[in-house]
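A.B. asks: okay, predicted coordinates and the sequence, questions at the end:
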Amino acid sequence: MSGIDEMKTKKVRLARINRRRRLTPREVEVIEYRSSGFTTAEVGTILGISSNIVKSESGYAFKKLRASNLTQALMQCLKQGYFTINDLPQGGSNE
């Protein structure tokens with residue numbers, strides 16, 4: 001395989017990985033609300049889903065972002081441009 005073919009193959013592979021790691025709009029919403037201090041139950045009520053779904057969406061997002069907790073997930077979302085700190089909703093339980 002030539003160097004050019006290897007580069008094309010690598011780009012295709014990386015594009016597939018990036019597509020799999022891209023957060024869904026729902027995962028972004030969940031991280032935004034959870035990062036603002038809303039509980040899983042509150043997020044579920046706001047989004048019209050169960051708290052178990054909120055937990056699942058959080059877990060999927062953490063895995064894609066390679067984060068082990070909410071703080072790391074928030075930092076990765078900010079770093080990757082999913083939202084800015086000013087985009088975060090206000091009024092979670094922690095306020």
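C.D. replies: Now that the structure is in, tell me what you want to look at.
A.B. asks: residues in contact with the spatially closest residue to A61 that is not a sequence neighbour?
C.D. replies: In this structure, A61 finds its nearest non-sequential neighbour in E27, 4.1 Å apart by C-beta to C-beta, 6 or more residues apart in numbering. For the C-beta atoms, the positions are set from N, CA and C on the backbone; glycine is no exception. Contacts for E27 (C-beta atoms under 8 Å, 6 or more residues apart in numbering) come out as 57-58, 60-61, 64.
A.B. asks: in ChimeraX, how would I select just the buried ones from those residues?
C.D. replies: Selection command for ChimeraX covering only the buried members of these, criterion 16 or more other C-beta atoms under 10 Å:
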select :57,58,61,64
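A.B. asks: can you tell me which of the contacts of E27 is closest to G91?
C.D. replies: S58 (19.1 Å; C-beta to C-beta).
A.B. asks: spatially central residue in the chain, please.
C.D. replies: Centroid-nearest residue in the chain, with C-alpha atoms, centre = their mean: A61, separated by 4.0 Å.
A.B. asks: element containing it, please.
C.D. replies: Assessed by DSSP states H and E, A61 sits inside helix 51-65.
A.B. asks: now that helix: how far from the chain's centre is it?
C.D. replies: Distance of helix 51-65 from its chain centroid, counting by C-alpha atoms, centre = their mean, to the nearest Å, is 8 Å.
A.B. asks: hmm, S36 is touching N86, no?
C.D. replies: No. Between S36 and N86 there is no contact under C-beta atoms under 8 Å: 11.6 Å.
A.B. asks: of those two, which one has the most company?
C.D. replies: S36 (19 against 5; other C-beta atoms under 10 Å).
A.B. asks: sorry, back to before: list the contacts of the helix holding A61.
C.D. replies: Helix 51-65 is contacted by residues 20-24, 26-28, 30-31, 34, 39-41, 43-44, 47, 67-70, 72-73, 76-77, 80 when judged by C-beta under 8 Å, 6+ apart.
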